[in-house]
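Chemist: Take a look and give me a structure for this.
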Amino acid sequence: MSSTEGATPPLRDKVVVITGAGSGIGRALALRAARDGARLALSDVDGEGLAETARQAELSGAAAVLTDKVDVADRAAMAGYATAVAEHYGVVDVVVNNAGVSLTGQFQKLTYDDFDWIMGINFWGVVHGSKEFLPHLKASSDGHLVNISSLFGLLSMPGQSAYNAAKYAVRGFSESLREELLIEGAPVTLTVVHPGGIKTAIARNARYAEGEDGARTARLFDKKLARTTPEKAAEVIFDGMLAGKARVLVGGDAHLLHTVAKVLGSRYQDLVAKRYDSLAQPKPVE
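Modeler: A predicted model of the protein is given here:
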């Protein structure tokens, strides 16, 4: 999202709402928008992380920062949050439904509560943010809605049935909503984002089913799989949003694996299954 020297930054004075802003991609998005001089509305369930993001955003040049501790899975809370942000700033220009969690485990070892938990945040959080903020985005006459899915919303992996379900749901929901907005001629663009491995704490903060070695999985993710920085992800996401792209892939791994899955079709599942033992039993990471 580089600007021509002397040009007005594209998010200057825009009201940018970001959920899950207490760390990771959410924080990076907040700081990137802050450097443009945006007015920020940031939320998270992690109050300490949220306060640190707000502090850094103010130092980075944000025109204003509003913070709220909000659980995106709470429908009433999200309705109240959208109203409060709109009343506070008078307008909403950008909404990034970023809040998300991770859950790893073989399907038969996962509980219904596990599915309820991850769907509440990763899927319903996106639905709530879209539903409650969309009228305000339309009223802005130049709104942008960004929903964060995942590479695992484009292809599936063993041990990720619940996560895959939520992220595929975000993709399907968002693509349908985008079509409705186009038919309506609404002044709102909708972009679905599919990040690959991003250097965040998502694996370290994940839930794991009984029998899963969470510490080993987190080490593998941090050392081997997380290749893209949150800062780079934020640049790619905002660039795609401002260009009006329907789909944005983040990271070389996302582009590569998505291409492989498209070329192989459903046969990619057989390849993954054949390689599962080596994937599931990685060598110890020092």
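
Chemist: how about the strands in this structure?
Modeler: Ranges of strands within the chain are 15-18, 39-44, 64-69, 94-97, 103-104, 143-148, 188-195, 207-208, 247-250, based on DSSP state E.

Chemist: Could you measure from Ser176 over to Ala99?
Modeler: Distance, Ser176 to Ala99, by C-beta to C-beta, to the nearest Å: 21 Å. For the C-beta atoms, the positions are set from N, CA and C on the backbone; glycine is no exception.

Chemist: what's the closest of the strands of the chain to Gly129?
Modeler: Closest approach to Gly129 among the strands of the chain (C-beta to C-beta): strand 94-97, 4.0 Å.

Chemist: what does the closest one contact?
Modeler: 11, 14-19, 26, 29, 33, 38, 72, 125-126, 129-130, 133, 137, 143-148, 237, 241 (C-beta atoms under 8 Å, 6 or more residues apart in numbering).

Chemist: Measure how buried the closest residue to Asp93 other than its chain neighbours is and give me the count.
Modeler: Spatial nearest neighbour of Asp93, chain neighbours left out: Lys14 (4.2 Å); criterion: C-beta to C-beta, 6 or more residues apart in numbering. For Lys14, the count of nearby residues is 23 (other C-beta atoms under 10 Å).

Chemist: pLDDT wise, what is Lys14 at?
Modeler: Predicted confidence (pLDDT) for Lys14: 98.

Chemist: where does the protein have low pLDDT?
Modeler: For the chain, applying pLDDT under 70 flags the ranges 1-6, 201-204, 206, 209, 212-226, 277-286.

Chemist: By residue count, which helix of it is the longest?
Modeler: Using DSSP state H to define each element, the chain has its longest helix at helix 161-184.

Chemist: buried sites along that one?
Modeler: For helix 161-184, a neighbour-count test (16 or more other C-beta atoms under 10 Å) marks 161-171, 173-174, 177-178, 181 as buried.

Chemist: helices or strands next to that helix in the packing?
Modeler: Contact partners of helix 161-184 among helices and strands, from 3 or more C-beta pairs under 8 Å, 6 or more residues apart in numbering; DSSP states H and E: strand 103-104, helix 112-118, helix 124-140, strand 143-148, strand 188-195.

Chemist: so it versus helix 124-140, what angle?
Modeler: Orientation check (axes from the mean of the first three to the mean of the last three C-alpha atoms, to 10 degrees): helix 161-184 against helix 124-140 gives 20 degrees.
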